[in-house]
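J.: Mind looking at a prediction? Sequence and model below.
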Amino acid sequence: MIQVYLLSDASTESLAGQIVEFLAPFFEGTAELRRIEAVIPYREYWTWKDLFAVGRDCKGDAQVGNEERCYLFLVGGSNENNWFASFDSDDPSVAFVQCSGWEQFDLPDPTYAVAYHVLAMVTAMRYFSSKSPSERYHFPSIGCMFDFTIDKSEVLFKLKSADICQNCVQEIAITAGDKAGAMAYLMATKASMEAIKQELFPADWGEIFGVLAYDLCINEELDFRLCFGQVKLLLPISNGYEKVFYLMLLKYREGLSYQQLMEDAKLQEFIEIYFKFFASTGSLDELRKRLLDERSTGKLRSRLMTLKSRMAKKMTQVLKNYPEIRDQLSIRNRKKVFSISVKPTALQVGHADINKYLGLS
Ligand SMILES: [Zn+2]
């Protein structure tokens with residue numbers, strides 16, 4: 001399995017960490033990505049010779065047996081030929097990737113464009129190291145990872161196509177000693193490119209479809225679903241505290257502060273709903289005692305805060321294509337008041353007790 005080491009200077013240190021975190025899951029079992037902790041001093045300008053020396057110094061005598069390793073320096077300063085990235089033709093196990101200057105491309109987060117070039121470099125170092133740049137790159141662009149890109153529109157075209165052309169794939173298949181390994185590596189690369197594309201050019205479905213009329217449906221099993229006509233999307237609100245908290249916010253539409261929620265009457269309400277619908281063991285008194293303890297030690301407060309951010313995270317994942325609806329269904333916390341802005345008319349509750357609790361019947 002190839003080991004990919006990312007080196008950074010003072011300006012790219014956190015970027016290197018983010019790239020490892022983003023790419024590593026795609027390459028599990030296929031390539032290992034690591035960030036080298038030592039940070040190279042920042043320079044405004046680099047010659048290619050100096051850039052490659054960074055990787056070579058790090059590599060040192062570390063080459064163990066036949067293990068395949070490569071070293072990529074993520075550099076913040078400019079480089080002598082003003083390229084996005086290159087490997088050293090004398091030693092194709094070292095390369096650099098340029099990380100600054102992406103502002104001019106109007107990308108929401110250039111991290112992913114840098115991640116793309118890391119992939120392009122590793123692929124080139126592995127499979128095209130014997131070719132000169134003019135043999136390796138397509139010019140003019142055809143929408144392949146190995147397009148030689150100069151201007152903004154070409155770079156965006158390449159990032160959007162998220163592809164390696166059939167000719168390049170064929171060449172890799174011929175060059176590769178380990179064909180199964182090469183195929184697994186290319187599949188991981190392709191999946192990463194698609195993910196990069198999604199991050200850089202997210203389709204705004206809300207803009208395409210318009211904001212759809214929806215219902216928030218709660219059925220007899222107490223499942224919470226987002227319903228568009230016949231389409232029913234299960235919302236990631238867990239049984240227990242999450243649903244109780246959510247139901248109370250659906251009832252108290254003006255919102256609830258933490259203080260209000262912790263008042264005896266509201267806390268009692270919280271306990272009763274929890275006990276009625278979600279407690280499987282113990283008595284109401286035991287539950288009350290436990291929650292009162294948790295209230296006095298502040299444990300309940302931190303639990304609710306954790307719960308709120310966990311729910312927001314899950315909602316973001318499930319509703320990533322519906323940002324406006326996500327904003328309405330997620331719990332907001334403004335000026336210490338929790339609230340949900342879903343319209344009461346959108347509530348379709350098939351559970352008689354909950355219907356009554358929410359004052360809908
Ligand atoms: Zn190609």
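T.: Great, that's in hand.
J.: K335 and L304, how far apart?
T.: 16 Å (C-beta to C-beta, to the nearest Å). C-beta coordinates here come from the backbone N, C-alpha and C atoms, glycine included.
J.: where exactly do the strands run in the stretch 201-350 of the chain?
T.: Defined through DSSP state E, counting those that start in this stretch, the strands belonging to the stretch 201-350 of the chain, from first to last, are 215-218, 224-228, 231-234, 256-257, 332-334, 337-339, 347-349.
J.: more neighbours, K335 and L304?
T.: More crowded of K335 and L304, by other C-beta atoms under 10 Å: L304, with 20 against 6.
J.: Contact partners for the more buried one?
T.: With contacts defined as C-beta atoms under 8 Å, 6 or more residues apart in numbering, the neighbours of L304 are Y241, F245, Y258, L261.
J.: quick one: the last one and L249 touch, right?
T.: No. With contacts defined as C-beta atoms under 8 Å, L261 does not count as touching L249, sitting 9.5 Å away.
J.: got the CA coordinates for whichever strand or helix holds M125 in PDB?
T.: When elements are assigned from DSSP states H and E, M125 belongs to helix 111-127. Only the C-alpha atoms of helix 111-127 are listed here, as PDB (Å, rounded to 0.1, in the frame of the first residue of the first chain):
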ATOM      1  CA  THR A 111      -9.000  23.200   0.400                       C
ATOM      2  CA  TYR A 112     -10.800  20.900  -2.000                       C
ATOM      3  CA  ALA A 113      -9.000  22.300  -5.100                       C
ATOM      4  CA  VAL A 114      -5.700  21.600  -3.300                       C
ATOM      5  CA  ALA A 115      -6.900  18.100  -2.400                       C
ATOM      6  CA  TYR A 116      -7.600  17.500  -6.100                       C
ATOM      7  CA  HIS A 117      -4.100  18.500  -7.000                       C
ATOM      8  CA  VAL A 118      -2.700  16.200  -4.300                       C
ATOM      9  CA  LEU A 119      -4.600  13.400  -6.000                       C
ATOM     10  CA  ALA A 120      -3.400  14.400  -9.500                       C
ATOM     11  CA  MET A 121       0.200  14.500  -8.300                       C
ATOM     12  CA  VAL A 122       0.100  11.100  -6.500                       C
ATOM     13  CA  THR A 123      -1.500   9.500  -9.600                       C
ATOM     14  CA  ALA A 124       1.100  11.000 -11.900                       C
ATOM     15  CA  MET A 125       4.000  10.100  -9.600                       C
ATOM     16  CA  ARG A 126       2.700   6.500  -9.500                       C
ATOM     17  CA  TYR A 127       1.800   5.900 -13.100                       C
END
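J.: Following it in sequence, what is the next regular element?
T.: helix 133-136.
J.: Is the closest residue to F87 other than its chain neighbours in a helix, a strand, or coil?
T.: Spatial nearest neighbour of F87, excluding adjacent residues (C-beta to C-beta, 6 or more residues apart in numbering): A95 at 3.7 Å. Three states are possible here, and by DSSP: H, G, I helix; E, B strand; the rest coil the one that applies to A95 is strand.
J.: Next: L74.
T.: Secondary structure, three-state DSSP: L74 is strand.
J.: Burial check on the residue nearest to it when sequence neighbours are not counted, number of neighbours?
T.: Nearest non-adjacent residue to L74, counting by C-beta to C-beta, 6+ apart: T12, 4.2 Å away. In terms of burial, T12 registers 26 neighbours under the definition other C-beta under 10 Å.
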